[in-house]
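Attaching a predicted model along with its sequence, questions to come.
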Amino acid sequence: MSTCDTIVLGGRGNGFAVEQWRAPFFSPTPDNVFMLIGCSAQSPLFQGFPGKHLPCRNVSGMGCEDYYDCPAWSLVGHKKVGSVYGSGPPECCAVSFEAIKAINLSKLECEGYSSAYSLAPLRVDGPGDWSYGIRVKYSVQGNDEFCRACVATGGACGFGSDGVKQLCICGSFNSTTNCDSESGQKLA
């Protein structure tokens, strides 16, 4: 996967997909942006997935226009290709995970990709400060009511080190109820 410092081309990335059986428990968050690099004009991105043409756009305030400011682009010889598909596809096309559901460089006919996500409300100065990778959320089997109460108070549902006791992970402490409770276990 490419970052701001290194562009990986040649279709050498593994891509990203969530297996169908994991989808109920593990999914990318909506603030992920996937920047697909060097896609052919025949790519499904530009031909459209069933009944729609996917626009390249900013996702969560991040997109290719800013990504082009990364130092790695000067190393690969950044070239501006036609604006919005005029004389060819753009060199970089930013889409959300929801728009494509998986990164398969062969199927998408792209040379590489990058992924970044936003840690809102944190504002960063540019692509050099973006968080690169794929941010995911997961849900655990068990007491849905406990997890809903935890998430509603700003926590993340999880389990203790014993793998059995449910915990609400609340930033600087863990709780056995929710993040509004005062009986939390401080983290060192």
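Thanks, I have the structure now.

Could you list the low-pLDDT ranges of the chain?
Regions of the chain meeting the criterion pLDDT under 70 cover residues 11-14, 48-53, 78-88, 119-123, 139-143, 163-164, 182-188.

what about the strands in this structure?
16-17, 26-28, 32-37, 92-96, 102-103, 112-117, 131-132, 136-138, 156-159, 166-169, 173-175, 184-186 (DSSP state E).

Now do the third one and strand 92-96, the angle between them.
Between the direction of strand 32-37 and that of strand 92-96, the angle (axes from the mean of the first three to the mean of the last three C-alpha atoms, to 10 degrees) works out to 160 degrees.

Could you pull out the buried residues of stretch 64-71?
Of all the residues in stretch 64-71, those buried under the rule 16 or more other C-beta atoms under 10 Å are Cys64, Asp66, Tyr67, Tyr68, Cys70. For glycine as for every other residue, the C-beta is placed from the backbone atoms N, C-alpha and C.

Who are the contact partners of the last one?
Going back to what we said before, that points to Cys70. Residues near Cys70 by C-beta atoms under 8 Å, 6 or more residues apart in numbering: Thr3, Cys4, Asp5, Pro127, Gly128.

ranking these by neighbours, who comes first?
When neighbours are counted by other C-beta atoms under 10 Å, Pro127 leads the contacts of Cys70 with 24 neighbours.

Quick check, that residue in contact with Asp69.
Yes - using C-beta atoms under 8 Å, Pro127 is in contact with Asp69, at 5.8 Å.

looking at it, Gln166 is touching Phe146, isn't it?
Yes - the criterion here is C-beta under 8 Å, and Gln166 meets it with Phe146 at 5.5 Å.

what's near enough to touch the residue nearest in space to the middle of the chain?
In the chain, the centroid-proximal residue (C-alpha atoms, centre = their mean) is Asn32; its distance is 2.7 Å. By C-beta under 8 Å, 6+ apart, the contact list for Asn32 reads Val59, Ser60, Ser96, Phe97, Ser115, Ala116, Tyr117, Ile134, Arg135.

Throw those into CSV and include neighbour count and distance to Ala41, thanks.
Listed next are the contacts of Asn32 as CSV, based on neighbours: other C-beta atoms under 10 Å; distance: C-beta to C-beta, whole Å:
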residue, neighbour count, distance to Ala41
Val59, 22, 22
Ser60, 17, 27
Ser96, 18, 22
Phe97, 24, 23
Ser115, 22, 23
Ala116, 28, 25
Tyr117, 22, 29
Ile134, 16, 27
Arg135, 16, 31
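
Find residues that contact each of Gln166 and Phe146.
Cys157.

Walk me through the domains of this structure.
By the assignment in the TED database, the chain contains the domains 26-138, 144-175.

which residues does the residue nearest to the centre of the chain form a beta bridge with?
Beta-bridge pairing of Asn32 under DSSP bridges involves Tyr117.
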